[in-house]
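Visitor: Next one to model:
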Amino acid sequence: GKQALTMETPIAKPLTIEQVEAMMADGQVVVDGRSSAAYGAGHIPGSVNVQLSSGEFEQRVGWVTPDDAPLILLTNSEAEAQEAIFKMAFIALDSRVVGYVDGGMAAWENAGNSLQKVPQMDVTTLQHKLSVNGLQVVDVREADEWDEGHIEGGHHLPYTAMAQQLSVPAQWDKLDIPHDKSVAVVCATGKRSSTAISLMFRKGYTNLYNVTGGMAAWEEAGYKMLDGDGIVCKI
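Guide: Predicted structure coming up:
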C-alpha cells in the first residue's frame, strides 16, 4: 500500500554486523549503493547493487527489491546512507529502510565474513573472448536501446525484468542460460549491468563479469553492432 510521506527528514540508523546478519537471515535485503567497481571488488553476498550516483537511484531500488522487504543500506559513509534515505523519501521508500551497515564493508570484513566479487571486463577483452571461447553476453538495457545497437549473439533481458514489477513476475524464463555458464553482463555504461549481476547472483548464477564502459565503450571501440532486425548498423 501507499506509505504516508513523512514531513521531517528521515534518518537512517546504524546497524551492527550482528544485527545485519540476523536481519539478512530473516529475509531483509542489503542495498549496496557503492560504485560498480567497489561492489565488484567485494560485497556482502546476496546484496543488491544500486549506485547512489545514479540519477534514478530511488526508482531503481523500488524496481529491483521485493515490494515488502525491509532494506539495509550499505554505503561508503554515514553521510551517503543519509543521502540515500533522503532520496528514497521522494517515493516513500524511506519507511522500508531499517538502517545502514555501520562501518560499511570494512566492518563486514573485520567480522570475518566472506565477500563475493565480480570480475570487471573491458570491451577489448570481451570482444576477444567472444571470438575465442563463446562467452555468453546478456544485455540488460531497455528494448529501444537494444534496437539501436547490440552485440551479435547477445541475450536481451532488461534488468527490471529480473525482478517482479507490480503484478508482473520476474521473467527469468527468457534467459536460456545455465547457471554455471560464464556470462558477461552489459548495459550502456556499466551501472545497470552491475545491478543485474547482483540480481543474477541471487537467482543462482555463479560466473558473471561486469562489462566496464558498457555499450558506449563498445561502440567507441568501433566493434560490430546489430540493430533490432539483426542487421549490422555500426561497424
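
Visitor: Low-confidence regions, the protein specifically.
Guide: Under the criterion pLDDT under 70, the flagged ranges of the chain are 1-7, 234-235.

Visitor: rerun that using 90 as the cut-off
Guide: Residue ranges of the chain with pLDDT under 90: 1-12, 67-68, 131-134, 166, 233-235.

Visitor: Name the SS class of the spatially most central residue of it, please.
Guide: Among the residues of the chain, the one closest to the centroid is Thr195, at 0.8 Å (CA atoms, centre = their mean). At Thr195 the chain is in helix, as set by DSSP: H, G, I helix; E, B strand; the rest coil.

Visitor: can you tell me which residues contact it?
Guide: Going by CB atoms under 8 Å, 6 or more residues apart in numbering, Thr195 touches 48-51, 60, 64, 140, 159. Every residue, glycine included, has its C-beta placed from N, CA and C.

Visitor: can you give me the end-to-end distance of stretch 61-69?
Guide: Stretch 61-69 has an end-to-end distance of 11 Å (criterion: CA to CA, to the nearest Å).

Visitor: That stretch: how far from the chain's middle?
Guide: Stretch 61-69 sits 12 Å away from the centroid of its parent chain (CA atoms, centre = their mean, to the nearest Å).

Visitor: got the contact list for it?
Guide: Outside stretch 61-69, the residues within contact range by CB under 8 Å, 6+ apart are 27-29, 31, 48, 50, 71, 88, 91, 93, 96, 159-160, 162-165, 195, 199.

Visitor: so how many other residues sit close to the residue lying closest to Ala111 once chain neighbours are set aside?
Guide: Nearest non-adjacent residue to Ala111, counting by CB to CB, 6 or more residues apart in numbering: Ile17, 4.3 Å away. Using other CB atoms under 10 Å, Ile17 has 18 other residues around it.

Visitor: same check, this time on the one 5 residues further on
Guide: As a burial measure, Ala22 scores 12 neighbours (other CB under 10 Å).

Visitor: And the strands in this protein?
Guide: Remark: strands assigned in the chain by DSSP state E are 14-15, 29-32, 48-49, 71-74, 97-101, 120-121, 136-139, 155-156, 182-186, 207-211, 225-226, 232-234.

Visitor: and the residue nearest to Ala111, what is it in contact with?
Guide: Listed by CB under 8 Å, 6+ apart, the contact set of Ile17 reads 101-103, 107-108, 111, 113.

Visitor: Next, count neighbours for Glu80.
Guide: So Glu80, with other CB under 10 Å, has 19 neighbours.

Visitor: thinking it is in contact with Gln51, fair?
Guide: No. In this structure Glu80 lies outside contact range of Gln51 using CB atoms under 8 Å: 10.9 Å.
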